[in-house]
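Visitor: need the 3D shape of this:
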Amino acid sequence: MKVTVVGTGYVGLVTGACLAEMGNHVVCLDVDERKIAMLRAGEIPIHEPGLKDYVHRNAAAGRLQFTTDIAFAVGHGTMQFIGVGTPPGEDGSADMQYVLAAAASIGAHMTDYKVIVDKSTVPVGTADAVRGAVAAALAARGLAELEFAVVSNPEFLKEGAAVEDCMRPDRIIVGADDERATLLMRALYTPFMRNRDRLQLMDVRSAEFTKYAANAMLATRISFMNELALLAEKVGADIEQVRLGMGSDPRIGTCFLYPGVGYGGSCFPKDVKALIHTGQQHGVALGVLQAVEQANERQKHLLVDKVVARFGANLAGRVLAVWGLAFKPTPTTCARRPAAPSWVS
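Guide: Here you go, the predicted structure:
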């Protein structure tokens, strides 16, 4: 199948390389000429286990191309994946300018039926905005009758295990209201589901919401355990033993129950903020998530407070080692993760 991926950042590059690995002919588009030149030269701008091999192998086989030519890229793929960034604004909302610019570019160059796939993490209602941007561009060209579909297909990639997550997904969420688009999405993802059908079909808005809901739940578990760890320390309980006792309950499980200095990374902070902002827009106060965010902000200062309490405010001349600042180089199951080290030794 011919696929175009708009954006060669973390999501776009991993998605494009994995789709090419499954035999599709993929063109990755980016407006950053320097990044495209790097990729054409075989240089990978991010570190992700297995990604370099996938890019090199599929580029050599002619299944993976990189370009800045918008007309060529849009003309290439029936499937047009949008995998650009949605950075947070000052009010916590997701900045949609890059997604909508990509949609407008597709509308400005398409000449036949396209399935436009929102792969970026986007707020509920984005598919409608993308549909409007494409329709406006087509109308400006006098091609208002040209058919297209907009699909939500959120990514669930963990940094440090993104290639593995993409090639062996635990679920594939597809939000679509177009039968032809649904059939094409199923055909595209069938090779990823050889052992069992992982495709979950739903309406577009539910698919958009699912991504935020999943990340918000994981962030909630982290903040919850951080607060329990604070209390356990005060009452003399061992939070590691508590974690094991909780995690052995199959209704709870062991994942994301590790206390630490708070959640971070490129997804949890912005997605929690974006979901809270969406709630505010619709008059729904998400009190639990607001508490999650407050707890996480407080947790960031705890490490410094512990260091100062141990060594005093004057830390001149001291050398401190901090564990856990990098993503794991290989995928691990949370059930097998070793106990977290003490914050201060």
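
Visitor: for the rest of this, base every contact and every neighbour count on C-alpha atoms.
Guide: Will do.

Visitor: what residues does stretch 4-22 touch?
Guide: Taking contacts as Cα atoms under 8 Å, 6 or more residues apart in numbering, the residues outside stretch 4-22 that touch it are 26-30, 46, 51, 54-55, 58, 63-64, 73-74, 76-85, 102, 119-120, 155, 157, 162-163, 166-167, 191.

Visitor: send the alpha carbons of it over as PDB?
Guide: Output for stretch 4-22, consisting of C-alpha atoms alone and laid out as PDB, is shown next (Å, rounded to 0.1, in the frame of the first residue of the first chain):
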ATOM      1  CA  THR A   4       2.500   9.200   3.100                       C
ATOM      2  CA  VAL A   5       3.600  10.300   6.600                       C
ATOM      3  CA  VAL A   6       3.600  14.100   7.200                       C
ATOM      4  CA  GLY A   7       6.300  14.800   9.900                       C
ATOM      5  CA  THR A   8       9.500  13.000  10.600                       C
ATOM      6  CA  GLY A   9       9.600  13.600  14.400                       C
ATOM      7  CA  TYR A  10       9.300  10.800  16.900                       C
ATOM      8  CA  VAL A  11       5.800   9.600  15.900                       C
ATOM      9  CA  GLY A  12       6.100  10.200  12.200                       C
ATOM     10  CA  LEU A  13       9.500   8.600  11.700                       C
ATOM     11  CA  VAL A  14       8.800   5.500  13.800                       C
ATOM     12  CA  THR A  15       5.400   5.100  12.100                       C
ATOM     13  CA  GLY A  16       6.800   5.500   8.600                       C
ATOM     14  CA  ALA A  17       9.700   3.100   9.200                       C
ATOM     15  CA  CYS A  18       7.500   0.400  10.700                       C
ATOM     16  CA  LEU A  19       4.900   0.600   7.900                       C
ATOM     17  CA  ALA A  20       7.700   0.300   5.400                       C
ATOM     18  CA  GLU A  21       9.100  -2.700   7.300                       C
ATOM     19  CA  MET A  22       5.700  -4.400   6.700                       C
END
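
Visitor: excluding chain neighbours, give the residue nearest to residue 54 in space.
Guide: Among residues not flanking residue 54 along the chain, residue 17 sits closest, at 5.9 Å (Cα to Cα, 6 or more residues apart in numbering).

Visitor: name the element that neighbour belongs to?
Guide: Using DSSP states H and E, residue 17 sits in helix 10-21.

Visitor: what's the answer for residue 27, then?
Guide: strand 25-29.

Visitor: one step back: what is the burial count for the residue nearest to residue 54?
Guide: Residue 17 has 30 neighbours, counted by other Cα atoms under 10 Å.

Visitor: in terms of pLDDT, where does residue 330 sit?
Guide: Looking at residue 330, its pLDDT is 43.

Visitor: now swap in residue 149 and tell me
Guide: Reading off the per-residue confidence, residue 149 sits at a pLDDT of 98.

Visitor: then residue 342?
Guide: 34.

Visitor: and the helices in the stretch 201-345 of the chain?
Guide: If you assign secondary structure with DSSP state H, counting those that start in this stretch, the helices in the stretch 201-345 of the chain sit at 204-235, 239-247, 268-281, 287-311.
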